[in-house]
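Chemist: return atomic coordinates for the entry below.
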Amino acid sequence: MSPHIADMLNIVFLTFLVVIAIAVSYVKDLIYAAILLGAYSVSIALIWLLMSAPDLAITEAAAGIGMTTLMIAVISKIGRRVD
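Modeler: This is a model prediction of the structure:
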């Protein structure tokens with residue numbers, strides 16, 4: 001892959017991360033926040049993969065998917081009313 005393409009992909013993914021981070025702080029429903037955090041984790045994993053660190057990408061993806069699944073399970077059990 002060309003270095004210019006890798007740089008452009010990094011910029012796109014980093015911009016996506018900033019948008020997701022801002023969206024998570026404004027979302028009131030916990031389910032949506034957990035889903036956005038899962039998307040954040042996948043984006044970070046893709047960035048690690050672009051930076052030639054597949055071991056970190058796999059770890060981030062596994063931890064992110066595991067935590068997101070756990071958060072959604074707990075949220076569905078506990079529940080919360082949005083005011």
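
Chemist: tell me the centre residue of this protein?
Modeler: Geometric centre of the chain, nearest residue: Tyr40, 1.4 Å, by CA atoms, centre = their mean.

Chemist: for it, which non-adjacent residue is closest in space?
Modeler: Counting by CB to CB, 6 or more residues apart in numbering, the nearest residue to Tyr40 once its immediate chain neighbours are dropped is Ile20, at 4.7 Å. Just so you know, the C-beta spots here come from the backbone N, C-alpha and C atoms, and that holds for glycine as well.

Chemist: got a list of what Leu17 touches?
Modeler: For Leu17, the contact set (CB atoms under 8 Å, 6 or more residues apart in numbering) comprises 40, 43-44, 47.

Chemist: output the residues you listed in CSV; the columns should cover distance to Ser25, secondary structure and pLDDT.
Modeler: Shown next, in CSV, are these (distance: CB to CB, whole Å; DSSP: H, G, I helix; E, B strand; the rest coil; pLDDT from 0 to 100):
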residue, distance to Ser25, secondary structure, pLDDT
Tyr40, 12, helix, 88
Ser43, 16, helix, 89
Ile44, 17, helix, 90
Ile47, 20, helix, 89
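
Chemist: quick one: low-confidence ranges for this structure?
Modeler: Within the chain, the ranges that satisfy pLDDT under 70 run 1, 79-83.

Chemist: which parts of it are helices?
Modeler: 3-26, 30-50, 54-78 (DSSP state H).

Chemist: what's the most buried one of these?
Modeler: Highest mean neighbour count among those (mean count of other CB atoms under 10 Å): helix 30-50, with a mean of 18.

Chemist: which strands and helices lie in contact with that helix?
Modeler: In terms of contacts (3 or more CB pairs under 8 Å, 6 or more residues apart in numbering; DSSP states H and E), helix 30-50 is packed against helix 3-26, helix 54-78.
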